[in-house]
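> Sequence first, predicted model second:
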Amino acid sequence: MSAFITDLFNSIFTPGPTHSLLVATNVAFACLQLTLLLLLIATYSIHFLVLSFLSAGLWWAINWFVAELRVAEAEQRDKEETEKARKVKDSGPTEDSETEAETVIGVKVGGTKGKSVSASREVEILETKGELIDRGNLAVGASASQSSGGSKSEHSTEDEWERVSENEKDK
């Protein structure tokens with residue numbers, strides 16, 4: 001019994017209708033119907049008969065809705081399985097396979113003076129536009145700080161602060 005109650009509380013946080021939630025709902029509606037029947041017998045009031053019909057309609061609607069949800073979920077799973085099977089059939093090996101291969105093609109690039117360069121179809125080939133220049137040694141006072149073992153970003157930041165302070169002195 002305690003396992004059912006624990007499962008019932010956990011099913012609150014689970015999306016969709018769970019088995020324990022449906023059992024609890026059906027037991028609650030059955031108890032409500034029994035209570036309304038006992039009150040109808042005890043009081044002979046037509047109000048309890050009307051409430052019993054309304055409760056029965058709601059009980060039926062909840063169970064019908066859950067059944068429709070299950071049918072829709074089953075159709076969705078079947079649709080996903082057929083699409084997956086069709087993709088596997090159309091594309092051959094999937095991404096889940098352990099063998100990966102890229103198609104390599106020879107391309108002549110203008111910047112390489114007629115040399116053949118291999119590349120895959122998915123990669124765009126770019127030509128080099130200029131040269132990279134190391135500007136770390138050009139700054140004033142950078143050679144002393146580079147010998148201390150600092151990083152290049154520290155040197156560039158220190159150089160910028162020196163330039164700013166020199167510009168302030170000139171004003």
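Thanks, I have it.

> any idea how far residue 88 is from residue 82?
11 Å (C-beta to C-beta, to the nearest Å). Backbone N, C-alpha and C define where each C-beta goes, glycine included.

> Can you show me the strands along the protein?
Counting by DSSP state E, the chain has strands at residues 104-108, 116-120.

> any weak-confidence spans in this structure?
Along the chain, segments meeting pLDDT under 70 span 92-125, 130-156, 171.

> Go through it and flag its longest helix.
Among the segments of the chain that qualify as a helix by DSSP state H, the longest is helix 46-91.

> Mind giving me the packing neighbours of that helix?
Contacts defined by 3 or more C-beta pairs under 8 Å, 6 or more residues apart in numbering; DSSP states H and E place helix 46-91 against helix 19-43.

> Buried residues of the helix it packs on, list them for me.
In terms of neighbour count (16 or more other C-beta atoms under 10 Å), helix 19-43 has its buried residues at 20-21, 24, 29, 32, 36, 39-40.

> Tell me the one of those nearest residue 159?
Using C-beta to C-beta, residue 21 comes nearest to residue 159 of the buried residues of helix 19-43, at 67.5 Å.

> Look up the closest residue to that closest one, ignoring the ones flanking it.
Closest residue to residue 21 apart from its sequence neighbours, by C-beta to C-beta, 6 or more residues apart in numbering: residue 11 at 4.6 Å.

> check contacts around that neighbour.
Shown in contact with residue 11 (C-beta atoms under 8 Å, 6 or more residues apart in numbering): 18-21.

> Let me know the closest of those to residue 60.
residue 21 (17.1 Å).

> right, and that closest one touches residue 10 too?
No - using C-beta atoms under 8 Å, residue 21 makes no contact with residue 10, being 9.9 Å away.

> Against residue 84, how distant is residue 78?
Distance from residue 78 to residue 84, by C-beta to C-beta: 11 Å.
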